[in-house]
Every structure is written in C-alpha cells, then in structure tokens.
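Engineer: build me a structure from this.
(one chain, ligands or ions: 2)
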Amino acid sequence: ATPMSIAVASGVGATNGILIKQGVALESLSRVTHYVFDKTGTLTEGRLQLVESFPAEGISEQSLLQIAASAEQQSEHGIAKTIVSAAQQQNLTLLNISAFYASPGRGVEAQIDGDKIFVGTADWMISHDVTLNSQWQSKVDQLEQQGISCVFVASEQKLIGILGLFDTLRDDAKTMIADMLANGLKVTVLSGDRQQVVNSVTADLGNIQRLAEVLPADKRQVIQQLQQQGDCVAMVGDGINDSPALIQADVGIALASGTDVSIESADIVLSHNQLSQVALARKLAARTLRTIR
Ligand code: ADP
Ligand code: MG
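Structural biologist: Ligands and ions are numbered 1, 2, ... in the order given. As a prediction, the model looks like this:
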C-alpha cells in the first residue's frame, strides 16, 4: 500500500476510535485468515457478576464471601475484583492477610489468621491436596452447563464452598463472528476457563473452534501453532495475561478497557471497546489494500 492510502485509512480508523499504531498493521490485517478471541472481557462484557454461592456445612454464606474476598484483595484478576466488590456491597470487612501468592490461570493463595486459604480452579485445589467430593462435582457440572464459572474456596485442606460467576456475551459478538465465518475466515475462542463454560457462553456463535483451560503461559504457543499451520493470525484480547499472545500474533488487537500492558503489546487499539470496531478495522484494511493492487 502507498503511504498515502495508509494515512487515509489510519485517519478513518482514528475517527472511529481505532488506533492503528503502525501502517504495516493494516497490511497484516488484510492478510489475516484466522481470528483468535479471548473470552472474558473480549467476547463477553467483562462485567462479571457473583450469581451463586454454596458454602460447605457449618459455614455461612457471608463468611465464605468474606474469606474469599480477603484472600483475593491483592489480585487484579476480574474474578478477584468481582468477589471483593460483592463483599464490600454486603459491608463485610476484609480480613488482614499475611502472605499472598497468585498463580496465573489457576488462583490465589493467602494466609489469614494462620490459616492457608486457596481460591481458584479445581486443579488449584487438587494441587494443594484439597479433596473435592462428588456432591460438589455434580453442583459444579450443573452451573457450568449454564455458562457459570465456578471458583473453589478452601481453608487449610478443606473446601469451605464454591462461588459462581457469570458474564454475558457482548451483543455485537454474534454478528461480527457470523460475518467473519461467511467471509471464509477461521475463528477461535481461547480461554483459561472450563470447556463446558466456554461452550455454553459461546453456544450462539456457530462453527468456531473453542479452546478451553489454556493456561496464560500457553496462549502464545497456541497462536504459534496456528501460524505453523499456515494461518495469518489476529489475536483480540484485553487481559494482562494475553500480552505474549498479542505479541506473537501477526496482528495484536487490544480492547481499550484492557490493562496498560496489553495495550502496549498491541498493534491496534480499539478505544471505544466495541467488537464492531474489529469488523470495521477488517473492512478498512481490505478496502485499503485492494485499492493499491
Ligand atoms: P481467561 O482466559 O478467561 O482470561 P484466566 O486464564 O485468567 O482466564 O483464568 C483461568 C481460570 O483460572 C479462571 O476461570 C479461574 O477459575 C481461575 N483463576 C485465575 N485467577 C484467579 C483468581 N485470582 N481467583 C480465582 N480464580 C482464578
Ligand atoms: Mg483474560
């Protein structure tokens, strides 16, 4: 493309809140064959809601939430922020923690009053010798089938309850993806969440690939594998964990609601935080490059 046509397209992008950091990103975008989307905060609104709470016997709902929120107070994950603000809404005071450790894509560990608290995935529980009986498993299966993400809470080696969080699909996701599929593009959703939750939340999105339970550290590798299969890949994300994947992709697209880190790693930033801007950027790139040929 000529510098002139790129400048014009960048200008049109900017008026629509699409910040193209370098002209070459537009050229790469016109060659993309495979769009990869993060789930939470990208395909979904990123406004997680605490919708379920199941304390173990002898534990009150309030105490479950208070302990979970206390352990999560230093985490910047969306799940943590939701749990903390739910506790604050109920006027629960956060307990002091004396140690904190976060494992990306798995959960957190904190010390409260000499007790080791774990909040996170089933794997995170199992790796700390917390036993999950079949009663819990059937409850979790039920929730996951409705697209509700389950977070386990344990004190020492004992499960004290589970919390269910829900996030709705953005209303422009379906149209955007239908349009991509109709244009022969491949689409993948890449998530750290459970397969059943990913399937349920994206059920309306048609024939896309759904990759679940991918740890943050492995997301970059998934992009690389698609590239090795011959795809030109655009990654659309918002989370701090997505940076390596955004960098690995041929085009990294960040939603502006995301963290500073992911915005820095991106080639294109969508400042209105709307998926329809992805569609617009795609058309802008196609139009610009076609004019030149
Ligand atoms: P996503 O791909 O949806 O952004 P992540 O890779 O960040 O998800 O996390 C994957 C899973 O790990 C979450 O669904 C959650 O179960 C668990 N997890 C990660 N961080 C936390 C946390 N701070 N508290 C509780 N659970 C967490
Ligand atoms: Mg994320």
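Engineer: report the contact partners of the residue nearest to G13 when sequence neighbours are not counted.
Structural biologist: Nearest non-adjacent residue to G13, counting by C-beta to C-beta, 6 or more residues apart in numbering: I20, 5.1 Å away. Every C-beta, even on glycine, is put in place using the N, C-alpha and C of the backbone. Residues near I20 by C-beta atoms under 8 Å, 6 or more residues apart in numbering: 9-10, 13-14, 26, 267-268, 281.
Engineer: per-residue pLDDT of the closest residue to ligand 1 within the stretch 151-293 of the chain, please?
Structural biologist: Residue nearest to ligand 1 within the stretch 151-293 of the chain: G192 (2.2 Å; C-beta to the nearest ligand atom). With respect to pLDDT, G192 has a value of 94.
Engineer: list the contacts of it.
Structural biologist: Taking C-beta under 8 Å, 6+ apart as the test, what G192 contacts is 105, 212-216, 241.
Engineer: of the residues you listed, buried ones?
Structural biologist: Buried members of those, scored by 16 or more other C-beta atoms under 10 Å, are 105, 212, 214, 216, 241.
Engineer: among these, which ones are in strands?
Structural biologist: Among the buried ones among the contacts of G192, no member falls in strands (DSSP state E).
Engineer: now those residues in a markdown table, with distance to ligand 2?
Structural biologist: Shown next, in a markdown table, are those (distance: C-beta to the ion, whole Å):
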| residue | distance to ligand 2 |
| --- | --- |
| G105 | 9 |
| A212 | 13 |
| V214 | 10 |
| P216 | 8 |
| N241 | 5 |
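Engineer: ok, which pair from the residues you listed is furthest apart?
Structural biologist: Greatest spatial distance among these (C-beta to C-beta): A212 and N241, at 14.6 Å.
Engineer: returning to what we had before: the contacts of G192 also near ligand 1: which ones?
Structural biologist: 105, 216, 241 (C-beta under 6 Å from any ligand atom).
Engineer: lowest-confidence entry in those residues?
Structural biologist: Minimum confidence in those sits at N241, scoring 76.
Engineer: list the residues that contact the spatially closest residue to it that is not a sequence neighbour.
Structural biologist: Closest residue to N241 apart from its sequence neighbours, by C-beta to C-beta, 6+ apart: P216 at 3.5 Å. Neighbouring residues of P216 by C-beta under 8 Å, 6+ apart: 104-105, 192, 241-242, 244.
Engineer: hmm, try it at 6 Å
Structural biologist: By C-beta atoms under 6 Å, 6 or more residues apart in numbering, P216 lies in contact with 104-105, 241.
Engineer: what is the burial count for S53?
Structural biologist: 16 (other C-beta atoms under 10 Å).
Engineer: what strands line up against the strand or helix carrying it, and which way round?
Structural biologist: For S53, the host element (DSSP states H and E) is strand 49-55. According to DSSP bridges, strand 49-55 forms sheet pairs with strand 158-166 (antiparallel).
Engineer: average pLDDT across the strand it pairs with?
Structural biologist: 97.
Engineer: next up, the contacts around the closest residue to L211 other than its chain neighbours.
Structural biologist: Nearest residue to L211, sequence neighbours excluded (C-beta to C-beta, 6+ apart): L190, at 5.1 Å. Contacts were defined as C-beta under 6 Å, 6+ apart; by that measure L190 touches 36, 211, 214, 219, 222.
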